[in-house]
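Asker: Predicted model follows, preceded by the sequence.
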Amino acid sequence: MALISYHPLPQLSTLSVKAPKACMNLTFNYSSSKGGETLKKPCSPRHEMGSNQVLVTNSMAPEKIEIFKSMESWAEDNILVYLKPVDKCWQPQDFLPEPTSDGFYDQIKELQERAKEVPDDYFVVLVGHMIAEEALPTYQTMLNTFDGVRDETGASPTSWATWTRAWTAEENRHGDLLNRYLYLSGRVDMRAIEKTIQYLIGSGMDPRTENNPYLGYVYTSFQERATFISHGNAARLAKQHGDLKLAQICGLIAADEKRHENAYSKIVQKLFEIEPDTTILAFSDMMRKKISMPAHLMYDGRDYNLFDHFAAVAARLGVYSARDYADVMEHLVNYWEVEKLTSLSPEGRKAQEFVCGLPQRFRIIAERSQGRAKQAPFMPFSWVYDREVRL
Ligand SMILES: [Fe+2]
Ligand SMILES: [Fe+2]
């Protein structure tokens, strides 16, 4: 196990959570000032860690690699079935104007007419969703950091590697569809958005999963459910704004995320069955460290707290808030039947107790952050040509 120390940073409260709104007052600006100008190294991630925290790598005991090897055929029968055959999958072009058709320009006009009815704050959230989807290379990289399940060659035939590649291929359609829709909508500054994507992929992400698939699959279970909720709420709001086509787009993406959530949480469910102690410790560790959102290092070349600002808008619109974070946690505690786990070590029992009490603790944070939302200021977003949007 390798331990790498991070630079000392301010200590976060033990009750803090890297979730929208709740963390707004807990973000740090790591830019430096030189000659009166604020500088930030391009693509240098902000690490939001406490002063005594260390980055741990390869934290899974080497002998556990055998467990994942022995799960190969189980994964083939139980996880790969969650993938959809390519010819049964929707493709972005199914929901976009067809460039070879006579009605191409009319279809764009209709799309832009519908988009006119959609407010800027909704577009900020949709752009945030698109940017998070477009940083897909980072997520495939992350999955391939996990010991015992990584794609060793880039075309490895193991069930784990097959899943990772096919999952990536399914996810790739999300960013493509949202990107093309937003481009055609005529409502957003594509250049500012494209810059943000380039910065984000260059920054990567730091989910603190330690090359450890126990931690990693807890993280992905959480994240897929969180994105299912976000895209689902984006669909609901698009419908309210009268854009049924956009609602359909967001709904389709949400359905994919749900299917992915089912697969990842099935893996963790199986790990609970095989190795309850290791798995509850992993779940508790991930919850204690907080689930950082995949796009948490978002930057547009100007706003160092861009992710928090986007997340604040998403929370205010009811797309994803600290309350949803608590709901996801509670859902996973129930789905994995954490309360019913028996024959745990004393450490495992402590982790069980900690995890079971967490959703309630997070709800308290959610309520507090909701109170703060009432005095939220306006903020210009480069993504919508610096038009001001309420946080
Ligand atoms: Fe996605
Ligand atoms: Fe996903």
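Answerer: That came through fine. Ligands and ions are numbered 1, 2, ... in the order given.
Asker: Write out the residues of the chain neighbouring ligand 2.
Answerer: 224, 227, 257, 260 (C-beta under 5 Å from the ion). For glycine as for every other residue, the C-beta is placed from the backbone atoms N, C-alpha and C.
Asker: Could you find the closest non-adjacent residue to Arg302?
Answerer: Nearest non-adjacent residue to Arg302, counting by C-beta to C-beta, 6 or more residues apart in numbering: Ser382, 6.2 Å away.
Asker: Can you pull the phi/psi pair for the one you found?
Answerer: Note on Ser382: its backbone torsions stand at phi -60, psi -30 [degrees, to the nearest 10].
Asker: Could you check how far it is from Lys350?
Answerer: Using C-beta to C-beta, to the nearest Å, Ser382 is found at 46 Å from Lys350.
Asker: Looking at the two, which is more packed in?
Answerer: Ranked by neighbour count (other C-beta atoms under 10 Å), Ser382 and Lys350 place Ser382 first, with 20 against 14.
Asker: pretty sure the residue nearest to Arg302 is touching Asp300, no?
Answerer: Yes - contact criterion C-beta atoms under 8 Å: Ser382 and Asp300 qualify, at 4.8 Å.
Asker: Find residues that contact each of those two.
Answerer: 192, 196 (C-beta atoms under 8 Å, 6 or more residues apart in numbering).
Asker: Looks like Leu281 contacts Glu347 (just checking).
Answerer: Yes - if you go by C-beta under 8 Å, Leu281 and Glu347 touch, sitting 6.7 Å apart.
Asker: More neighbours: which of the two?
Answerer: Leu281 (21 against 12).
Asker: element containing that one, please.
Answerer: If you go by DSSP states H and E, Leu281 is part of helix 276-289.
Asker: Following the chain past that helix, name the next helix or strand.
Answerer: With DSSP H and E, the next secondary element past helix 276-289 is helix 306-316.
Asker: So which elements touch that following helix?
Answerer: Contacts defined by 3 or more C-beta pairs under 8 Å, 6 or more residues apart in numbering; DSSP states H and E place helix 306-316 against helix 120-134, helix 346-373, strand 387-390.
Asker: can you give me how far stretch 291-300 is from the chain middle?
Answerer: 8 Å (C-alpha atoms, centre = their mean, to the nearest Å).
Asker: Need the distance between the two termini of it.
Answerer: End-to-end distance of stretch 291-300 (C-alpha to C-alpha, to the nearest Å): 23 Å.
Asker: What's the mean pLDDT across stretch 75-88?
Answerer: Mean pLDDT, stretch 75-88: 98.
Asker: picking up where we left off before, just want the angle from the helix holding Leu281 to helix 346-373.
Answerer: Between helix 276-289 and helix 346-373, the angle comes out at 30 degrees (axes from the mean of the first three to the mean of the last three C-alpha atoms, to 10 degrees).
Asker: Can you tell me what sits against helix 276-289?
Answerer: Around helix 276-289, the neighbours that count as contacts under C-beta under 8 Å, 6+ apart are 64, 208-209, 212, 214-215, 218-219, 222, 268, 271-272, 329, 332, 336, 338, 341, 343-345, 347-348, 351-352, 354-355, 358.
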